[in-house]
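# Structural data only, the sequence is not supplied:
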């Protein structure tokens, strides 16, 4: 939808595209690292999706390459950063092609070697791509927003990303972009097309997209957007069942002590956690030792809160655990949860198991409220898995260039979860 407003460019769609790429690269590694190799239908679906996604990524970079000259004209000071963006694209392109080639081979070749080659190529792409995406979001997009008007940005987006594609292509791409997004991002994406066409695309293609995702990622992977209507439904369901413990595991090709040092430095938690953005050590026992305390600052959508935490296990290379400290004065902070990481040497790396156990539940009225405003807290395993995937990427970034070989992630989820009924 085009507007003549002189307002600065609204570049939020760029971050939405980037997060969709990050999300499906993570899902790919989870699927390829499953204890049971994908069956034929899933193997073909994953391969086809990666071929599509690598083609999309090439087109995305091509569209940006058409945008950079205009930014250079408008903002001479951006020249150095624009040169870096172009150099990044040139360096990332071969990594994209290697994933496409490995996926094409994996589609017809179910051998462990083909799976390993595809997983290694995806990791290599992540190493090149993810820092570029972050730099583009943090440094380049603010310059674009200052250099272009909203109308100019929308005209570029329409000409390069919308007009060349059929309605079928736009519908599938649109559902890919709104997969698991919040209400704000959902609105950004769906308002890129007129209302009448929007209704058709949203309702005619929702079920085919969900079926395709179930085939390639598994039926338990949530792909629906987190709109207000869906959150209300989830809250009603969550109020009936609250998970009090759970665990996820991921194989990472790094030594246990290396991973332990990353995990035990809680000041780096914000690099991995979907909610905790800052942790600071508090006065008392030395940081990282049993009894040491720190405060974690969290955010989820528009909510902000903090909790004091205490280290309860610190065995270098083996286990690190902490608990949220219950507070007597504040009734909203009388609950307590123990979070732990155990590190087990396995093959060329480490099996990292991240678990939680609620040892003191909040008061029943507060529990009902939490289920409504933060339904994701009724089962923390998906966010914990994101944490481990971020740890895997962090470890990969630390090893690439140092002679480390490619690696795969193997994910498992703890069975028979305990539930608390309300």
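Nice, thanks for sending it over. The model shown is predicted, which means the values in this text are computed figures rather than measured ones.
# Provide a list of residues in contact with residue 178.
185-186, 189-190, 225 (Cβ atoms under 8 Å, 6 or more residues apart in numbering). In this view, the C-beta of every residue, glycine as well, is placed from N, C-alpha and C.
# same deal with residue 225?
Listed by Cβ under 8 Å, 6+ apart, the contact partners of residue 225 are 178-183, 185-186.
# So if we follow the domain assignment, how does this protein break up?
Per automatic domain parsing, the structural domains of the chain span 12-217, 233-420.
# where does the stretch 1-150 of the chain have low pLDDT?
By pLDDT under 70, the weakly predicted segments of the stretch 1-150 of the chain are 1-5.
# at 90 instead, please
1-8, 30-31, 33-37, 76 (pLDDT under 90).
# ranges for the helices of it?
12-32, 40-74, 79-108, 112-135, 141-147, 150-157 (DSSP state H, counting those that start in this stretch).
# Make TSV out of the ones you listed and add distance to residue 396 and mean neighbour count.
Below are the helices of the stretch 1-150 of the chain laid out as TSV (distance: least, Cβ to Cβ, whole Å; neighbours: other Cβ atoms under 10 Å):
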stretch	distance to residue 396	mean neighbour count
helix 12-32	10	20
helix 40-74	18	17
helix 79-108	13	17
helix 112-135	6	19
helix 141-147	25	17
helix 150-157	32	18
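# closest to residue 386 out of those?
helix 12-32 (7.3 Å; Cβ to Cβ).
# Next, the contact list for residue 31, please.
By Cβ under 8 Å, 6+ apart, residue 31 lies in contact with 38, 42, 46, 216-218.
# again, only using 7 Å
If you count contacts by Cβ atoms under 7 Å, 6 or more residues apart in numbering, residue 31 has them with 38, 46, 216-217.
# Grab the two from the residues you listed that are most spread out in space.
Within the contacts of residue 31 (distances taken as Cβ to Cβ), the two that end up farthest apart are 38 and 217, at 10.1 Å.
# Flag every buried residue along the helix or strand hosting residue 177.
Per DSSP states H and E, residue 177 falls inside helix 167-178. By neighbour count on 16 or more other Cβ atoms under 10 Å, the buried set for helix 167-178 is 170-178.
# for the stretch 201-350 of the chain, what are the low-confidence residue spans?
If you take pLDDT under 90 as the line, the stretch 201-350 of the chain has these spans: 201-207, 218-251, 253, 269-277, 298-306, 326-336, 346-349.
# One more pass at 50, please.
235, 238-240 (pLDDT under 50).
# can you map out the helices along it?
Going by DSSP H, counting those that start in this stretch, the stretch 201-350 of the chain shows helices at 228-238, 256-264.
# Would you convert the domains of the chain into JSON lines that also reports distance to residue 6?
What follows is the domains of the chain, written out as JSON lines (distance: least, Cβ to Cβ, whole Å):
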{"stretch": "domain 12-217", "distance to residue 6": "5"}
{"stretch": "domain 233-420", "distance to residue 6": "29"}
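# circling back: residue 383 is nearest to which of the helices of the stretch 1-150 of the chain?
helix 12-32 (12.4 Å).
# what's the angle from that closest one to helix 79-108?
30 degrees (axes from the mean of the first three to the mean of the last three Cα atoms, to 10 degrees).
# Going forward, the N-terminal residue is numbered 732.
I'll keep to 732 as the first residue from here, and by that count the last item is helix 743-763.
# quick one: helix 743-763 to chain centroid distance?
6 Å (Cα atoms, centre = their mean, to the nearest Å).
# what's the angle between it and helix 771-805?
Using the same axes, to 10 degrees: helix 743-763 against helix 771-805 is 150 degrees.
# Compute the inter-axis angle for helix 743-763 and helix 881-888.
Using the same axes, to 10 degrees: helix 743-763 against helix 881-888 is 40 degrees.
# need the contact list for residue 867.
residue 816.
# If we use 10 Å, what do you get?
For residue 867, the contact set (Cβ atoms under 10 Å, 6 or more residues apart in numbering) comprises 742, 745-746, 749, 795, 812, 815-816, 819, 875.
# same question, residue 930
Going by Cβ under 10 Å, 6+ apart, the list of residues near residue 930 reads 921, 924.
# Pull up the gap between it and residue 924, please.
As judged by Cβ to Cβ, to the nearest Å, residue 930 and residue 924 stand 10 Å apart.
# just residue 785 next, same as before
Distance from residue 785 to residue 924, by Cβ to Cβ: 25 Å.
# try residue 936
Noted for residue 936: a distance of 12 Å to residue 924, by Cβ to Cβ.
# tell me, what's touching the two both at once?
By Cβ under 10 Å, 6+ apart, the residues touching both residue 936 and residue 924 are 898, 901-902, 905.
# Serialize the residues you listed to JSON lines and add fields for pLDDT and distance to residue 985.
JSON lines is the format used below for the shared contacts of residue 936 and residue 924 (pLDDT from 0 to 100; distance: Cβ to Cβ, whole Å):
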{"residue": "898", "pLDDT": "85", "distance to residue 985": "45"}
{"residue": "901", "pLDDT": "86", "distance to residue 985": "41"}
{"residue": "902", "pLDDT": "87", "distance to residue 985": "41"}
{"residue": "905", "pLDDT": "91", "distance to residue 985": "37"}
